[in-house]
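Enquirer: Sequence and predicted structure below; questions after.
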Amino acid sequence: MCIIAATVQCSTGTGRVATDRMMLIEQLSLMVKRHLGLDTFTDDLQYSTKWAIYESPLGGRGLVATEDIKTGEVLFVDHPLIYGPRSRTKAQAGCTVCRKIDSDSFFKCSRCSLLLCSVQCQNSDVHFGDCSIISCWPNKVPIEEVDDTLLSRALTSIRAVLLNEEQRNLLTSLQAHVLPQHGSEVRNLKKYFDIPIQVEQFMSFVSCILDANAYQMGTPYGKKEMSFRGLYPVSALMNHNCVPNTRYTFNADSQMTVKAVKPILAGSEIFTCYSGMLWGTPARRLHLYTTKHFLCTCDRCADPTERGTLLAALKCFSPECLGSLLPLHPLKTNTAWRCLDCGLKVPNNNICAIQSALGSLVGSLDFENVLALENYILNRITKFVPRTNQIVVDLQCRLIWEIGEAEGFRWNGKNLFIILYS
Ligand SMILES: C[S@@+](CC[C@H](N)C(=O)[O-])C[C@H]1O[C@@H](n2cnc3c(N)ncnc32)[C@H](O)[C@@H]1O
């Protein structure tokens, strides 16, 4: 159940629901202004924004433009209420303070068992805060036996315990999908610690909020560090569109700047994109459904060709045909696919089998071996998928990235395929 639904369920009658929701938006707007530091007055003028929080036609709240906004305009600069390691099981372990993953000097803190890389990180304010929470919980096993990877996965939720009341109010006013698949990293801690029940419940709820709202934080180009996520409360109010009208960047202080990437007319909703922009529709919709619990119905999702990009296309199964297969009804999850050229219809099961085989092939690639990657694009993958397919596009992007880093390779300034295909 989501927190908004919970508010509505507590109310009686539709009029009451509407009032409660409007009050919620008014209160939230005040909290957001305070968070951004926009509630202070300078020379009798209050800073203003060109957007407001509103009840989105998509359900829940969203951000809406209150004035016309030009391409490139900064909409807001947000900072995280909490940040820390991501909770994914495959997340790479590293220093819980500086995010370093390639150190010879990792050690576990003797008081809390969190992984650190140096005395400097151990003496930092960040670690002092983390350790002060964890070391208060009676441990059920000797502290050195606590799994530091599990602890690190729950650390971002743990950090919420130190927020003040105002920050907690803002955090808990964000949407949460309270479902069994969220919060396991906090539940797993019970093996090791006797955590007071209210604290555990709060951290579990924070974990659901993080899964619905957090952004993966930027890593400087070429820097290998532990993947972190941050809870940016204003950005968290942006709904998703597969063709967003904003983009975001992070600076070295983890501030997130959100800018318009096209003109946004007053009254239009302000969108971000929660999935990979270059993923095809089935991949995006599956990701959004499993992680954010909605099925996107935006214009791009409804268009089988995705504005002519053919990102999801597969080569036609008919040996004589050079055409591309695309979903017939992209908004239906089990849709058949059809060839644009010969009209061959292929059931969804067969398409899923091919997609999963392609996924395994890509998963087995060594992305640092530039020549093998180039060879793979040229000789293997393009036998099954057209060059427009998201896998080819993604591999090309990775090649551009790797060539920038690989010894003996040089960017020739024109286009990637002069190097690759000559
Ligand atoms: C980061 S929150 C966005 C703000 C949220 N609408 C609120 O009221 O706080 C993400 C959640 O908003 C909803 N959402 C976002 N974009 C959506 C869309 N395009 N269609 C339907 N629901 C969407 C989903 O429930 C999703 O898990």
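Expert: Everything's here; your move. Residues are numbered from 1 along each chain as shown.

Enquirer: alpha carbons only for contacts and neighbour counts from here, please
Expert: Noted.

Enquirer: The ligand contacts on this structure?
Expert: Residues of the chain lying near the ligand by Cα under 6 Å from any ligand atom: 58, 60-62, 174-175, 212-213, 236-241, 292-294, 296.

Enquirer: For the stretch 101-250 of the chain, just list every one of the helices.
Expert: 119-122, 125-134, 148-159, 165-172, 184-187, 197-213 (DSSP state H, counting those that start in this stretch).

Enquirer: Now render these as TSV, adding mean neighbour count and mean pLDDT.
Expert: Converted to TSV, the helices of the stretch 101-250 of the chain look like this (neighbours: other Cα atoms under 10 Å; pLDDT from 0 to 100):
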stretch	mean neighbour count	mean pLDDT
helix 119-122	15	98
helix 125-134	16	98
helix 148-159	23	96
helix 165-172	15	96
helix 184-187	19	95
helix 197-213	21	97
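
Enquirer: out of the ones you listed, which comes closest to residue 81?
Expert: In terms of Cα to Cα, the element of these nearest to residue 81 is helix 165-172, at 7.1 Å.

Enquirer: hey, C-alpha coordinates of that closest one in PDB?
Expert: Output in PDB follows, covering the C-alpha atoms of helix 165-172 (Å, rounded to 0.1, in the frame of the first residue of the first chain):
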ATOM      1  CA  GLU A 165      12.100  15.900  13.100                       C
ATOM      2  CA  GLU A 166      11.600  18.300  10.200                       C
ATOM      3  CA  GLN A 167      13.700  16.200   7.900                       C
ATOM      4  CA  ARG A 168      11.900  13.000   9.000                       C
ATOM      5  CA  ASN A 169       8.600  14.700   8.200                       C
ATOM      6  CA  LEU A 170       9.700  15.500   4.700                       C
ATOM      7  CA  LEU A 171      11.200  12.100   4.200                       C
ATOM      8  CA  THR A 172       8.100  10.200   5.300                       C
END
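
Enquirer: Can you flag the buried ones in the residues of the chain next to the ligand?
Expert: Buried members of the residues of the chain next to the ligand, scored by 16 or more other Cα atoms under 10 Å, are 60-62, 174-175, 212-213, 236-241, 292, 296.

Enquirer: among those residues, which two are most distant?
Expert: Within those, 174 and 296 form the most distant pair, 20.1 Å apart (Cα to Cα).

Enquirer: thought residue 131 was touching residue 116?
Expert: No: using Cα atoms under 8 Å, residue 131 makes no contact with residue 116, being 11.5 Å away.

Enquirer: so how far is the ligand from residue 196?
Expert: For residue 196, the distance to the ligand equals 28 Å [Cα to the nearest ligand atom, to the nearest Å].

Enquirer: cool, residue 260 as well?
Expert: Counting by Cα to the nearest ligand atom - residue 260 and the ligand are separated by 17 Å.

Enquirer: Give the burial count for the nearest residue to that residue once chain neighbours are set aside, as a bare number.
Expert: In this structure, residue 260 finds its nearest non-sequential neighbour in residue 246, 4.3 Å apart by Cα to Cα, 6 or more residues apart in numbering. Residues lying near residue 246 (other Cα atoms under 10 Å) number 23.
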